[in-house]
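Undergrad: Give me the fold of what follows.
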Amino acid sequence: MALTTKAHTLWTGNASAGTVSTMIVFAADNHYGTHAGAALYECIRDAYDIAFCEDDFSLLGDADLMGRCTLLMLNMIAGTCGVDPPGPEAETHVRAYVRRGGHLLLLHGSSAAFWHWDWWRPLVGHRWVRPDDPDGVPQSEHPTRPYRVNVAKCPHPLCALLKDMALPEDEIYMRLEQTCPATTLMETTTGEGTFVQCYETVTPAGGTVIGFLPGHRPHVVTCGVMLANVRVLIDYLLERAD
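TA: The predicted structure follows:
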């Protein structure tokens with residue numbers, strides 16, 4: 001169902017106003033015309049209560065939505081894709097959400113979702129670094145080719161639920177900056193080395209952050225094993241929000 005408001009266009013999934021016990025707020029950009037976040041949303045919208053928006057981040061400045069949010073999902077990088085970055089109201093409510101221990105699922109490049117906010121960069125675990133980084137860190141890389149993503153040898157409970165992935169040609173995220181301690185859940189090994197592809201960290205307020213890096217093109221984002229792994233991560237984070 002599409003709801004058009006003066007502030008933004010909001011698509012709601014399986015939500016019922018006034019009866020929602022969990023609410024996912026999912027903000028995406030068009031991701032250079034791939035609409036990867038929107039493709040993912042269409043695949044999961046019937047399974048969860050989701051408020052989704054693409055390219056208009058005013059929903060992040062919606063006090064009611066952000067107050068009810070139990071999981072903030074992002075598939076975006078501020079100031080890219082021809083879209084203006086989120087404004088001061090969005091920063092106020094996202095920061096309040098993080099400060100109350102809210103959980104985050106950072107898809108693909110979303111460790112850089114709010115790269116322009118100084119307080120955001122240190123808490124994301126492994127940070128996608130853009131050109132002309134404010135901290136002067138060398139930029140990350142993403143060669144494009146088929147690759148494998150394997151579950152890490154780790155006692156973390158998610159490692160018993162996530163599945164190895166053999167992915168078609170797509171972006172392989174490499175050389176991110178580690179900004180705080182993080183547990184590696186999935187990784188890829190290429191000729192360049194071994195690189196984390198999924199990880200968990202914890203914010204200073206106790207919120208859980210999961211970064212899941214694979215998935216640039218829509219047909220990769222929506223393939224069976226990718227969707228299954230994303231569902232595992234969403235369910236894990238929602239259980240922690242109960």
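Undergrad: Pull out the CA atoms of the longest helix along the chain and give them to me as CSV.
TA: For the chain, the helix with the greatest residue count under DSSP state H is helix 224-241. Extracted C-alpha coordinates of helix 224-241, given in CSV (Å, rounded to 0.1, in the frame of the first residue of the first chain):
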residue,chain,number,x,y,z
GLY,A,224,17.5,-17.2,-2.6
VAL,A,225,20.5,-17.6,-0.4
MET,A,226,21.0,-13.8,0.0
LEU,A,227,17.4,-13.4,1.0
ALA,A,228,17.6,-16.3,3.5
ASN,A,229,20.7,-14.8,5.1
VAL,A,230,19.1,-11.3,5.3
ARG,A,231,16.0,-12.9,6.9
VAL,A,232,18.2,-14.6,9.5
LEU,A,233,19.8,-11.3,10.4
ILE,A,234,16.5,-9.4,10.6
ASP,A,235,15.0,-12.1,12.8
TYR,A,236,18.1,-12.1,15.1
LEU,A,237,17.9,-8.3,15.5
LEU,A,238,14.1,-8.3,16.1
GLU,A,239,14.5,-11.0,18.8
ARG,A,240,17.1,-8.8,20.6
ALA,A,241,14.6,-5.9,20.4
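Undergrad: tell me which residues in it are buried?
TA: M226, N229, V230, V232, L233, I234, Y236, L237, L238, A241 (16 or more other CB atoms under 10 Å). C-beta: built from backbone N, CA, C; applies to glycine.
Undergrad: can you pull the contacts of the first one?
TA: Contacts for M226 (CB atoms under 8 Å, 6 or more residues apart in numbering) come out as M165, L167, P214, G215, V220.
Undergrad: So in the chain, which strand runs the longest?
TA: Looking across the chain with DSSP state E, the single longest strand is strand 193-202.
Undergrad: same for that one, what does it pack against?
TA: In terms of contacts (3 or more CB pairs under 8 Å, 6 or more residues apart in numbering; DSSP states H and E), strand 193-202 is packed against strand 183-190, strand 208-212.
Undergrad: Now do the next helix or strand after the shortest one: everything it contacts.
TA: When you say that, I think you mean strand 208-212. Counting by DSSP states H and E, the next helix or strand C-terminal to strand 208-212 is helix 218-221. Helix 218-221 has contacts (CB under 8 Å, 6+ apart) with T34, H35, A36, A39, L40, L167, P168, D170, P214, G215, M226.
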